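Participant: Give me a 3D structure for the following:
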Amino acid sequence: MEFRMLGPLEAWHDGVPVPLGDQQQRFVLVVLLLNANKPVSTARLTEIVWAGRETKPTLVRGYIKRLRDVVQDAGDVSIETTPTGYLLRLGDDQLDTVRFTRLRAEAGRTGDPRQAIELLREAVALWRGRFLEDIDIDRVGGPDVVFPEESLSDAVGDLAELELGIGDHRSARDRLRPLVRSDPASQKHAELLMRALLAGGDRMGALRVFRSTHDALAGLRMEPGPVLRNLAARAEHGDPPSSLPSRPGGFTGRAAELAAIEAAAAAGRRAVWVSGAPGVGKTGLAVEAAHRLRDRFPDGQLLARLNGFTPGVAETSVGDALTELLIELGVPAEQIPATVGRKVSLYQTTLWGTRTLVVLDNAASAEQIRPLLPEADGCLAIVTSRRMGDADTGEPVRLSPLPPEEAAELFHALTDPPRVRGRAAEVALIVKRCGFLPMPVRVAAALFRRHAGWPLDHLLHLLEEGGPWGEDDGIAAVRVSYQQLGEPQRAMFRLLGSLPGPDVDVAGGAALAGCDVAEARELLDDLHEVSLLEEAAPERYQMLDPLKEFAAVEPAPRQALVRLLDFYLVTLAAAVGAAYPFDRAQLPSTDRSCPVTPVFADAGAALRWIAAERDNLVAAIRYAARHDLPGHTWRLAVLLWRFFNTTNQFEDWIGTLELAWRTVPAGDDYGQAHVLLRLATAHDRRGRLSEALELAAQALPKWRRLGDTRGEAATLCALAIPTMELGKHDQAMAHLEAALAKYEQTEDRRGEAHALSMLGYLNELHGNFDAALGQHSAAARMLREIGHVQGLAHALNNLGSVQEHLGLLTEALAGYTEAHAHAAEVGDRCVEAYALNNIGNVHRRQGRFAEAVRYHDKAREVAANVPDTDLRTQLYLDRGATALAQGAHREALAASKAALDLADGAGNRAYQARAHRGVAETLHSMGKHEEAVAHWTAAETEFDALDLPEAGAVREKRASLMCACGSG
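Facilitator: Presented below is the predicted three-dimensional model:
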């Protein structure tokens, strides 16, 4: 016998429906089915079905007897009498809900996508309508009944994703449409439907889905995520993310290799590994193939340069490559996780269900690229490397020099046809002297193009007279092109061979050459014209690895590289000062000068420069460390700490500072103190609290020996933070009080205000609101007196939080309003968003929900492009609290879960605890008590671990609840 609850209640035996009796009898059966293979007491059965009405025991026994009559012929079902009641005995597959769960689990375990599709199709087909749609749920358990509809939507989503993966976009589209119509706020299902529609060429349909989801989310005070926005942009403009360079000019030949790559793509291979000697055209082939495969990979074509064999440049780390790829895929920098493992997970998740091509150029090894290979069906990686790959890293494509006729064809394509027409013999000799390698052939063609008066035999003569390099060496064209340059261009070419980073902009080139920017621009353009440089971006140049090896034969003078490092140091100090004005007083002295330093109009321009030069700055730190330039090493590393902090680039943040620590001379307390202080902050952010404490403790005596009281105070604050996070709040308080005294001693009013604000925060955490009120008030007063408008906006927000706790809502509202005005004045959108959000919180406390929502929406708009995960988490938490106060449970739950996702990604334990509490409170209000228990427990456990009094508040709340939420 088979029982079905995924739709109207039914029972079937031997292919025939079984009558189940009247409605009351069906209620009794449902209670037993919902508790299949578990005893149900007579009292509980009576309480559920008859809802407190007096019922004779004989009535229950009568219904049980009739049900036994119904199932007696089956032989595989029984209703047993227990000491307190009854138990319905069923096999695992006799209940459709159990079978559905089993099929989903099997689909999740199998590694075969097509088998998983069949299992999920069978599972989804079990549904004939809404769960128990002909039964009054209130009569069979009410809020205690777990509805499996969410599991159905998850199963349909999983199935559609797998169908998209094998190219069956029509099946995915048809099954997703009703799901998205019923729940347009589900971003995952909307994303899958948009992908299915785009795969079928229905861009307008995809846009309609996006707009519907956007409107549904707006009603929940939320906005679509980056994946949906990218899909909408593609639907609107037809432009998926692409970082491919333009196709190689004059590309010829390589038909067999291109066919091999296209065949691998058609067969659904995961990767192709292109290997070959320097200059053989690996990158050109990969880029050409990627352009030809655009239609097969409509969701994006990405390129990451891995610098595996770039002379003088460290290979790109897996973490850095993942960060670059995630940004290209549309993931905001502030949402990129800190650890490599989490980056890999986000990268693979973002690619899942897409058809995206990734070019991984210049790989050093199989180990470097394995985490970067897409795992999703329908995606492809093209890897280029001088080395051959392993068996698991892709279909091998080995490049040899071009056949002579293809090399000649390439030369013809890159030159003026009338000048080479009928000169096949000379062209054949020229390309032979180029070793039949594409890169030297391109250089020779560019040289011939530039000298319009040269006949072909003159170029050939130059190639042949250069010396005994070997017929197929390929370097002859490069040497001749170099010899034809003027001495200033030759000097620039040689200098670029020693460039520590992957590229250089015009200002950096000027510093390297010791000339002005206009002259550097002309020199770099000359080298680009003869194909000795590539323009990677406007006024930013890079050199191919074989050319860099040739140029580096004569190393650049040390003073030229020192000029470049001076440029990076002075410019970075100016950029950091513009981007992070709060840090100016704590920046180390540079003691260097550079005549070509750019001027930054605002923080945005400064940040764009730092981001563009990031790889070069890290390379400069490593170069300085190798070449005994400790002052440049540690100063550059210390100046970069804030940028790495705000963009979650922990590997380079810690790596560069640890390198700096190893190079700072013994006895250099000034350099060591700066490095230790910033390393302590980095380890604290990573949650390595013991290491952070040890590093800050090492820094403290160095600042004291220097007599740098301000540095000592900053280090005491750095000691206080991990101490507080370890739950040692008394010690943290002592450190902050000592820091406050040091700031007072130096009359550093901004520092005093900072220490007071942290003391106020600690007191607020512990419910010492009067003390916190005094400290935040003093901090605000100091900042007002010194005219520190941005700091005052921060302080007023902090002060308002305490005033809210004390019930001083009018005062809090006034402070938040002033904070908003100051933040808007100085352009601090982060503090402005906090202030607007806090105003909304006050309105919620005063019962003005419409006003609260209005200010939450304003805060969301202001914060849209602010790279601050904590801010976005707080906005979701407070939006959820307001929705819960309104009784908008669905909106509240969505907001609290969004906050939890952000907190999990950032690893912020306090926010994780608060988000768990928000989810628990919402689920409790929805009557989903069993589901809420895990969130109550997580919140309480995390608050306890952090020694926060909120743990007691959670326990007190749970103790007052009579439902399952009240259990531990």
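Participant: among the helices and strands of the chain, which has the poorest mean pLDDT?
Facilitator: Ranking every helix and strand in the chain by mean pLDDT, DSSP states H and E puts helix 226-237 at the bottom, with a mean of 74.
Participant: residues of that helix that come out buried?
Facilitator: The neighbour-count check on helix 226-237 (16 or more other Cβ atoms under 10 Å) flags 227, 228, 230, 231, 232, 234, 235 as buried. For the C-beta atoms, the positions are set from N, CA and C on the backbone; glycine is no exception.
Participant: same deal with stretch 398-416?
Facilitator: Of the residues in stretch 398-416, those buried by neighbour count under the rule 16+ other Cβ under 10 Å are 399, 401, 402, 406, 407, 408, 409, 410, 411, 412, 414, 415.
Participant: Now intersect those residues with the helices, please.
Facilitator: Counted as lying in helices by DSSP state H, out of the buried residues of stretch 398-416, are 406, 407, 408, 409, 410, 411, 412.
Participant: The residue nearest to the fifth one when sequence neighbours are not counted and residue 280, how far apart?
Facilitator: By that I understand residue 410. Excluding its sequence neighbours, the residue lying closest to residue 410 (Cβ to Cβ, 6 or more residues apart in numbering) is residue 252, at 4.7 Å. Distance, residue 252 to residue 280, by Cβ to Cβ, to the nearest Å: 14 Å.
Participant: for residue 832, same thing?
Facilitator: Counting by Cβ to Cβ, the gap from residue 832 to residue 280 is 55 Å.
Participant: which stretches of the stretch 401-550 of the chain have low pLDDT?
Facilitator: Across the stretch 401-550 of the chain, the ranges flagged by pLDDT under 70 are 465-474.
Participant: sorry, back to before: so which of residue 252 and residue 280 has more stuff around it?
Facilitator: Higher neighbour count among residue 252 and residue 280: residue 280, with 24 against 20, using other Cβ atoms under 10 Å.
Participant: Enumerate every residue touching the closest residue to that one other than its chain neighbours.
Facilitator: Nearest non-adjacent residue to residue 280, counting by Cβ to Cβ, 6+ apart: residue 399, 4.7 Å away. Taking Cβ atoms under 8 Å, 6 or more residues apart in numbering as the criterion, residue 399 is in contact with 254, 257, 274, 275, 276, 277, 280, 281, 282, 285.
Participant: returning to that earlier point: out of the buried residues of helix 226-237, who's nearest residue 216?
Facilitator: Nearest to residue 216 out of the buried residues of helix 226-237 is residue 228 (Cβ to Cβ; 11.7 Å).
Participant: Confirm for me that the closest one is in contact with residue 195.
Facilitator: No. Checked against Cβ atoms under 8 Å, the pair residue 228 and residue 195 is beyond contact range at 10.4 Å.
Participant: distance of the residue sitting nearest the centre point of the chain from residue 931?
Facilitator: Taking Cα atoms, centre = their mean as the criterion, residue 336 is the residue nearest the geometric centre of the chain, at 2.4 Å. To residue 931, residue 336 is 30 Å away according to Cβ to Cβ.
Participant: next one: residue 846
Facilitator: To residue 931, residue 846 is 31 Å away according to Cβ to Cβ.
Participant: neighbour count winner among the two?
Facilitator: residue 931 (16 against 13).
Participant: Please identify the helix or strand for that one.
Facilitator: Using DSSP states H and E, residue 931 sits in helix 929-945.
Participant: What is that helix packed up against?
Facilitator: With contacts defined as 3 or more Cβ pairs under 8 Å, 6 or more residues apart in numbering; DSSP states H and E, helix 929-945 has these neighbours: helix 909-925, helix 950-959.
Participant: can you list the ones you listed in CSV and add mean neighbour count?
Facilitator: Output for those, formatted as CSV (neighbours: other Cβ atoms under 10 Å):
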stretch, mean neighbour count
helix 909-925, 23
helix 950-959, 16
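Participant: Quick one: those helices as a markdown table, columns for mean pLDDT and distance to residue 69 too.
Facilitator: Putting those into a markdown table (pLDDT from 0 to 100; distance: least, Cβ to Cβ, whole Å) gives the following:
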| stretch | mean pLDDT | distance to residue 69 |
| --- | --- | --- |
| helix 909-925 | 92 | 41 |
| helix 950-959 | 89 | 46 |
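Participant: can you list the ones you listed in TSV and add distance to residue 218?
Facilitator: Shown next, in TSV, are these (distance: least, Cβ to Cβ, whole Å):
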stretch	distance to residue 218
helix 909-925	20
helix 950-959	31
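Participant: Those helices: which one's closest to residue 723?
Facilitator: helix 909-925 (15.2 Å).
Participant: got a list of what residue 277 touches?
Facilitator: Taking Cβ under 8 Å, 6+ apart, we find residue 277 in contact with 386, 399, 401, 437.
Participant: just curious, which of these is nearest to residue 763?
Facilitator: Proximity of those to residue 763 was ranked by Cβ to Cβ; the top entry is residue 386 with 61.2 Å.
Participant: Excluding chain neighbours, what is closest to the closest one?
Facilitator: Using Cβ to Cβ, 6+ apart, the closest residue to residue 386 is residue 309 (5.4 Å).
Participant: Go ahead and confirm residue 584 touches residue 574.
Facilitator: No. With contact defined as Cβ under 8 Å, residue 584 does not reach residue 574; the gap is 10.5 Å.
Participant: May I see the buried residues of the helix or strand containing residue 46?
Facilitator: For residue 46, the host element (DSSP H and E) is helix 42-50. For helix 42-50, burial by neighbour count (16+ other Cβ under 10 Å) applies to 42, 45, 46, 48, 49, 50.
Participant: didn't the fifth one look like it was pressed against residue 32?
Facilitator: The reference is to residue 49. No. Counting by Cβ under 8 Å, residue 49 sits too far from residue 32 to count as a contact (10.5 Å).
Participant: which residues does residue 383 bridge with?
Facilitator: residue 273, residue 360 (DSSP bridges).
Participant: count of residues packed around it?
Facilitator: Neighbours of residue 383 using other Cβ under 10 Å come to 28.
Participant: contacting residues around it?
Facilitator: By Cβ under 8 Å, 6+ apart, the contact set of residue 383 is 271, 272, 273, 274, 360, 363, 369, 389, 393, 394.
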